[in-house]
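Trainee: Here's a sequence, model it:
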Amino acid sequence: MHAHTTNTGRFTDQLWDRTKVLRVAIDDLEFLRRLGDGTLPPEVFRTYIEQDSLYLTGYSKALAILASKSPDPQTAAFWANSSATAATVESAMHNELLSSAALPPREGEPEHSPTCLAYVSYLIATAATETYAVAAAAALPCFWIYAEVGRDLAESAAQVVAADPDHPYARWVTTYGAEDFQKSAATARSMVDAAAESAGDGEREAMAAAFTLATRYELMFWDTALHPQPWPAG
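Mentor: Presented below is the predicted three-dimensional model:
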């Protein structure tokens, strides 16, 4: 799952280069490998989908705040539309999967894992308290890394579906490579590039720090689906 970009002088290319060690670690995650090749235990996949549903609810709020801070109507429309998509379309897809017989039955009401809560809390706080440019940079990894990883996952999952059309979740994973994800990621990148053009050096450094931190959370979010870090009891 290695994404190749050439350095074209775009600010987002600098962000991509800066997070190379983290992205290689994401590429090497056992969770993603087993998700793609269909060997992930269904109960682990269920945990991941439950956490992703909780994540999308928080991410949608962060994007709505980002829309309200946007510098122009076109930019606001993109973030607002992304917020609505996360809240409705993707959530509906998750709910359909969670209620299917393909996965083990739910045990109690899902609660945020420490990593999920930390990630969404960080994104909402950043959107609410930092500048538009920094908040946009924090939101970008979820678009971009998901699109890159998703394209590779969809390819390997398609092979699983070809061999076993009834595989419990490989068919769903094939949607990761959807053109809509790729387009949204490209647009989000261009928004962050535009924000960087009008930012000073200090703000650009804050954007880079936010992008890096969100990329760390992307890595931890996937990894903790397979290797959970339970909350203290009680």
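Trainee: Find the residue at the geometric middle of the chain.
Mentor: For the chain, the residue nearest the mean C-alpha position is residue 142 (3.0 Å; Cα atoms, centre = their mean).
Trainee: and that one, what helix or strand is that in?
Mentor: Following DSSP states H and E, one finds residue 142 within helix 132-163.
Trainee: Just the buried residues of that helix, please?
Mentor: Of the residues in helix 132-163, 132-154, 156-157, 160-161 count as buried by neighbour count, 16 or more other Cβ atoms under 10 Å. Backbone N, C-alpha and C define where each C-beta goes, glycine included.
Trainee: and the residue nearest to the centre of the chain, how far is that from residue 188?
Mentor: Spatial separation of residue 142 from residue 188 under the definition Cβ to Cβ, to the nearest Å is 9 Å.
Trainee: again, but for residue 176
Mentor: As defined by Cβ to Cβ, residue 176 lies at a distance of 16 Å from residue 188.
Trainee: okay, these two: which has more neighbours?
Mentor: Set side by side, residue 176 and residue 188 show unequal neighbour counts under other Cβ atoms under 10 Å, the larger going to residue 188 at 24 against 19.
Trainee: show me the contacts for the more buried one.
Mentor: With contacts taken as Cβ atoms under 8 Å, 6 or more residues apart in numbering, residue 188 has the following neighbours: 78, 82, 136, 139-140, 143-144.
Trainee: Show me the two of those that sit farthest apart.
Mentor: Farthest apart among the contacts of residue 188 by Cβ to Cβ are 78 and 144. That separation is 14.3 Å.
Trainee: Now do the host helix or strand of residue 186: distance to the chain's middle.
Mentor: For residue 186, the host element (DSSP H and E) is helix 179-197. Computed by Cα atoms, centre = their mean, to the nearest Å, the chain-centroid distance of helix 179-197 equals 14 Å.
Trainee: Ok, stretch 49-67 next?
Mentor: Offset of stretch 49-67 from its chain centre (Cα atoms, centre = their mean): 10 Å.
Trainee: Quick one: residues in contact with it.
Mentor: Residues from elsewhere that reach stretch 49-67, judged by Cβ under 8 Å, 6+ apart: 76-80, 82-84, 86-87, 90-91, 94-95, 97-98, 103, 106, 110-113, 116, 119-121, 123-124, 126-128, 132, 135-136, 138-139, 142, 221, 225.
Trainee: Next, find the distance separating the closest residue to residue 207 other than its chain neighbours from residue 199.
Mentor: Once flanking residues are discounted, residue 207 sits nearest to residue 137: 3.8 Å by Cβ to Cβ, 6 or more residues apart in numbering. Using Cβ to Cβ, residue 137 is found at 9 Å from residue 199.
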